[in-house]
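Enquirer: The following block contains a protein sequence and its predicted model.
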2 protein chains.
Amino acid sequence: MGASKTDLFTKQQNDLALMAKALAHPARIAILQYLVKKNACVCGDLVEELGLAQATTSQHLKELKSAGIIQGNIEGASVCYCIDPKVWKQYQSIFTTFFKDVNIDKSCC
Amino acid sequence: MGASKTDLFTKQQNDLALMAKALAHPARIAILQYLVKKNACVCGDLVEELGLAQATTSQHLKELKSAGIIQGNIEGASVCYCIDPKVWKQYQSIFTTFFKDVNIDKSCC
DNA sequence: GTATTCTATCGTAATATTGCGATGTGTTAA
DNA sequence: TTAACACATCGCAATATTACGATAGAATAC
């Protein structure tokens, strides 16, 4: 099949899985870290930074954009990408909540 | 290709991506949430709980186990799965760190 | 012993992801 | 206008993921 059976799960579970999927590639992690580090907009030097082909880099940017976590603004000939702080904060909050409520002491089996 | 070019990225980036990948499916989120909720070991009732075939459920459990975030202990005829609190804490810490250091105020472009 | 239960694994099919060259579109430079 | 750049998208190939039925192994029930 290859397609996830999303109808079996809650919206919350599907959403969290989608967020995780957006982060589930080292190139996308690298892009986000780079954008965070520069703390400002960066454009095509991501291609150089990553070492991936331009087409591949563009594809990863597209996925991050469709996940909402980055924005792209056209700036002349080039495009300026940056973290969307609002969505970033949502991610932060949702992952934090997910990991929080576990009783760490209970040993098991 | 389909295979990620892991050699282009740092171990830290690859590791984080692998952790995210472990969470990148609603069934695996559901499994983890169920294990956290029950706060004790659960076995084959995950199959009922999820609504996926037994083989599929077993496969997701295997992925979570190979990601280290859950453990399985044989208990008679059945297997008892539970969160590995130590690894869970690591995940928590790594995701928290990842999301922390962004300057939320800087608007962009 | 045999039958039953529980889980893992194999094999297979459908679909998704990753990666890149080639191409297209829009923008600046000449 | 033409040339050069910056990105996005298309098309394709290689690989990975998801899902399930069938089967195998190990433990319990009888």
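Expert: Received, thanks.
Enquirer: name the element whatever residue of chain A ends up closest to DNA strand C belongs to?
Expert: Proximity of chain A to DNA strand C (Cβ to the nearest atom of the strand) peaks at A:Gly2, 2.4 Å away. Backbone N, C-alpha and C define where each C-beta goes, glycine included. Using DSSP states H and E, A:Gly2 is not contained in any helix or strand.
Enquirer: Distance-wise, check it relative to B:His25.
Expert: Using Cβ to Cβ, to the nearest Å, one gets 12 Å for the distance from A:Gly2 to B:His25.
Enquirer: A:Asp7 now?
Expert: 14 Å.
Enquirer: more crowded one of these two?
Expert: B:His25 (24 against 8; other Cβ atoms under 10 Å in any protein chain shown).
Enquirer: Contact partners for that one?
Expert: A:Ser4, A:Ala17, B:His60 (Cβ atoms under 8 Å, 6 or more residues apart in numbering or on different chains).
Enquirer: top of those residues by neighbour count?
Expert: A:Ala17 (22 neighbours).
Enquirer: quick one: low-confidence parts of chain A?
Expert: A:1, A:40, A:101, A:103-109 (pLDDT under 70).
Enquirer: what about A:Cys41, how many neighbours?
Expert: 19.
Enquirer: So for it, what's the nearest residue that isn't a sequence neighbour?
Expert: Closest residue to A:Cys41 apart from its sequence neighbours, by Cβ to Cβ, 6 or more residues apart in numbering or on different chains: A:Cys80 at 3.6 Å.
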